[in-house]
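Participant: just to be clear, the model below is a prediction. Sequence and coordinates:
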Amino acid sequence: MRPLFFGLPLLAAAHAAHAQGGPGVITLDMPPPGGEGLTALQTGGAFPTGATSLYYNPALLVELQGATGSQAHFSRSSWDLMPGNDFGMKQTFTAGAVFLPLAGGLDLGVGFFRNRSDLGESILSDSGTTTEDHETVHGLGLGVRVLGPFSVGVTAKHYESNIGTATAKGWALDAGALYYQPFQPFSAYGVRSLELVSSAGIAWVNNGKSVRYPGGEGSDPLPEALHYSTGASVDLADVVRGAWSWEWTQATHRRADSRDPIQLTYARHLSVLGFGLGWGRLVDPAGGRYETHRSREVAVDLLGYYRVFNRLRKMDWTGSSEVQEMGYPFPTLSVLGISYRFNPRFVIGERRVSNVEGARFGPYTPYFAFSL
């Protein structure tokens, strides 16, 4: 019984065209619709911004507290894959993560995510019955600090793909490494309020056995790929924050052509007292995608606002952020050898995609994140 897809849902049609040379289980290769900071611009491999960072590189989990001031993170985003059409095509991404500084100096980050794609309806050609096509990927990741600014991580992912009456299940593995180094360039002159970060990461994603649908001919590789990321950020007196990032993606599955040009994503994000604007660009000649991403968000950060309040109260615009934390109402606690400090933080934002060419839709994406 061969499924025929309604309308023009190109993402679903990709499943029907597996035999023509594409990888299988496309939800493994669908980034979160939205996320904090640079992840809202689909450039999240170099900077830890929240729970959605696990999708890009599990090694980022180790730097969550240093980058955000919070240790426990939750994020959710969703978008309509075919806006303006009643095809029922939607992607929803939910994630959580926690940073655990253990006794003995061992830093761990643990996270999970659920990435679900509803791919619309298909009709079986011989029986005329209708099915709801969908895919779900669950991921569980672990990051470990190896030495100083160097971290590594792995993510185990279980997928289930339901197309027509066929169901395929299996496992995939991500492995990543990260260099993340904050420094204060003018500390020798007594200015510690300016902090810069240089970062670089690499992630090898979606490693696993080829997927095979019952009753189908042959098998399809998973969308295995290498992601290279780099970037820089600046934090000025806890008031102004800016970040720039570049990411290169090279497909490595058995159907990939090494002569194809590499996909490039680059972005910048600027925020003042938690009010942020972002701009990004995706260039994918092999996939025929050329997109401009724009984001707006508001981050309410208790620890960040407390630091600024102390700077205003003491008129201290040169001291470090750590100095401004004196008297913070939530002290660091230690339970079973795990240090924890609460920092309530809430982020809400939106992303818009424009200048879309190719088989991707979804110009508007709301997202939110909550951290403690």
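Facilitator: Received it, and whenever you're ready, just let me know what you need. Residues are numbered from 1 along each chain as shown.
Participant: with just CA atoms, put the longest helix along the chain into CSV.
Facilitator: Longest helix in the chain, counting residues (DSSP state H): helix 302-314. Presented in CSV, the C-alpha positions along helix 302-314 are these (Å, rounded to 0.1, in the frame of the first residue of the first chain):
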residue,chain,number,x,y,z
LEU,A,302,17.2,38.2,38.3
LEU,A,303,20.9,37.7,38.8
GLY,A,304,21.7,40.0,35.9
TYR,A,305,19.4,42.7,37.1
TYR,A,306,20.9,42.4,40.6
ARG,A,307,24.4,43.0,39.3
VAL,A,308,23.3,46.1,37.4
PHE,A,309,21.4,47.4,40.5
ASN,A,310,24.7,47.0,42.6
ARG,A,311,26.7,48.8,39.9
LEU,A,312,24.2,51.7,40.0
ARG,A,313,24.1,51.8,43.8
LYS,A,314,27.9,51.8,44.1
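Participant: and it, what's buried?
Facilitator: By neighbour count with 16 or more other CB atoms under 10 Å, helix 302-314 contains the buried residues 302-304, 306-308, 310-311. Bear in mind the C-beta positions are built from the backbone N, C-alpha and C, glycine included.
Participant: and for stretch 326-335?
Facilitator: Applying 16+ other CB under 10 Å to stretch 326-335 flags residue 328 as buried.
Participant: show residues contacting that stretch.
Facilitator: For stretch 326-335, contacts defined as CB atoms under 8 Å, 6 or more residues apart in numbering pick out 303, 306, 310, 339-343.
Participant: one more time with 10 Å, if that's ok
Facilitator: With CB atoms under 10 Å, 6 or more residues apart in numbering as the test, stretch 326-335 has contacts from 101, 103, 302-303, 306-307, 310, 314, 325, 339-344, 372.
Participant: now it: mean pLDDT?
Facilitator: Regarding stretch 326-335, the rounded mean pLDDT is 87.
Participant: can you check the distance spanned by that stretch, start to finish?
Facilitator: 22 Å (CA to CA, to the nearest Å).
Participant: swap in stretch 98-108?
Facilitator: Taking CA to CA, stretch 98-108 runs 9 Å from one end to the other.
Participant: stretch 209-218 now?
Facilitator: Stretch 209-218 stretches 13 Å from its first residue to its last (CA to CA).
Participant: all set, thanks.
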